[in-house]
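Student: Compute the structure for the input listed below.
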Amino acid sequence: MAIAIFDFDGTIFSRDSLADFLMQTCGKRRFFLYLPLVIGLKLATISGMLSTHCAKEKVFTLFLHGMKWQDFLRACSRYANRIPRFIYPTALEQIKQHLIAGDRVAIISASVADWIRPWAESVGIQYVEGTTLEVKNGILTGKLAGPNCKGMEKVRRLRQLFPDFESDTLYVYGDSTGDKEILALATYPHYRAFKHKKRT
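Tutor: Numbers count the residues shown, from 1 in each chain. This next block holds a predicted model:
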């Protein structure tokens, strides 16, 4: 038995699920109204003026602050129906191969786990870790409830899920600099394994 860890955005999913989820949940009109601010925040992170953690909180505050937790979870469940349209077919095939082999399969993503989990469970993936949102009195605050799940935080989540991973064969699939630390631990690291690949 082995362990297979998949990133989500850019590895399994061909879009930025954060932007796509917000557009679907909050509406295109609101999304494009705030888009210049979102682009400005993105540029600030690229330049090093703002951390990704802070930028994400500002984006979530713009779009989700004040939303009821139960309404958010319902939106996540609806979003699961959209995800299959943008999955890399070869990524899904690889996931299925690991599951058939009896491997433990997990998604560890910088995106919010709540909008990934319903789809992941539908294809047989039991473990989903990601960035979490703060909820107070059943309402989203717009803040994060912990670290942004990238870099060493992905490694911490791996250790939390599978404390014995170092004694197993570890497959890791990622596509960005946020995956480099967890890729470095893999027995078999796969970087951008599925992009632009067709089913053969």
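Student: Doesn't V38 belong to a helix?
Tutor: Yes. Membership of V38 in a helix is supported by DSSP: H, G, I helix; E, B strand; the rest coil.
Student: what's the burial count for it?
Tutor: V38 has 19 neighbouring residues, counting by other Cβ atoms under 10 Å. Where you see a C-beta, it was placed from the backbone N, CA and C, and this is true even at glycine.
Student: Ok, the one 5 residues further on next?
Tutor: L43 has 12 neighbouring residues, counting by other Cβ under 10 Å.
Student: just checking, what packs against the helix or strand containing it?
Tutor: Using DSSP states H and E, the element containing L43 is helix 28-47. Here helix 28-47 touches helix 17-26, helix 52-64, going by 3 or more Cβ pairs under 8 Å, 6 or more residues apart in numbering; DSSP states H and E.
Student: and that helix with helix 17-26, angle?
Tutor: Counting by axes from the mean of the first three to the mean of the last three Cα atoms, to 10 degrees, helix 28-47 lies at 160 degrees to helix 17-26.
Student: pLDDT of helix 28-47, averaged?
Tutor: On average, the pLDDT along helix 28-47 is 93.
Student: So that it lines up with my notes, have the first residue be 34 from now on.
Tutor: Renumbered: residue one is now 34, and that last one reads helix 61-80.
Student: Any chance you could list what contacts it?
Tutor: A52, L55, M56, L83, S84, T85, A88, K91, V92, L95, F96 (Cβ atoms under 8 Å, 6 or more residues apart in numbering).
Student: Could you dump those into TSV and include pLDDT, distance to P180 and neighbour count?
Tutor: Formatted as TSV, the contacts of helix 61-80 follow (pLDDT from 0 to 100; distance: Cβ to Cβ, whole Å; neighbours: other Cβ atoms under 10 Å):
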residue	pLDDT	distance to P180	neighbour count
A52	95	21	15
L55	97	21	22
M56	96	25	16
L83	91	16	17
S84	93	10	12
T85	92	10	18
A88	95	14	20
K91	96	16	17
V92	96	16	19
L95	95	21	18
F96	97	20	21
